[in-house]
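**Q** return atomic coordinates for the entry below.
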Amino acid sequence: MCNVWVTGKDGTEVMVDRTWVFRKGGDGKLRIIVHKSSLPYNPAS
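**A** Numbers count the residues shown, from 1 in each chain. Sure thing, here's the model as predicted:
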């Protein structure tokens, strides 16, 4: 879990909450099994 700053073409920046879950498969390769990106919770909106 982390926060990532994304910059648009017009230069505006938005913070995004990101969650990744990895698991190693039987072949030894690391795979993403969950990925979620969303805007942070804002009770004012």
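
**Q** hmm, who's touching the strand ranked longest in the chain?
**A** Using DSSP state E, we find that the single longest strand of the chain is strand 13-24. By Cβ atoms under 8 Å, 6 or more residues apart in numbering, the residues outside strand 13-24 that reach it are 1-8, 30-40. All C-beta atoms are positioned from the backbone trio N, CA, C, and that covers glycine.

**Q** beta partners for Met15?
**A** Residues in a beta bridge with Met15, per DSSP bridges, are Trp5.

**Q** show me how far stretch 19-31 is from its chain's centre.
**A** Relative to its chain's centre, stretch 19-31 lies at 17 Å (Cα atoms, centre = their mean, to the nearest Å).

**Q** follow-up on the earlier one: and the longest strand of the chain, C-alpha only, in CSV?
**A** What follows is strand 13-24, C-alpha atoms only, in CSV (Å, rounded to 0.1, in the frame of the first residue of the first chain):
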residue,chain,number,x,y,z
GLU,A,13,-1.0,16.6,-9.7
VAL,A,14,-3.4,14.1,-8.0
MET,A,15,-2.6,11.8,-5.1
VAL,A,16,-3.8,8.2,-5.6
ASP,A,17,-4.0,5.4,-3.0
ARG,A,18,-2.6,2.2,-4.5
THR,A,19,-2.7,-1.3,-3.2
TRP,A,20,-0.8,-4.3,-4.7
VAL,A,21,-0.7,-7.9,-3.5
PHE,A,22,1.9,-10.3,-5.0
ARG,A,23,2.2,-14.0,-4.8
LYS,A,24,4.9,-16.4,-6.0
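
**Q** which strands and helices sit next to the following helix or strand past that strand?
**A** Next along the chain after strand 13-24, taking DSSP states H and E as the criterion, comes strand 30-38. Identification of packing neighbours for strand 30-38 by 3 or more Cβ pairs under 8 Å, 6 or more residues apart in numbering; DSSP states H and E yields strand 13-24.
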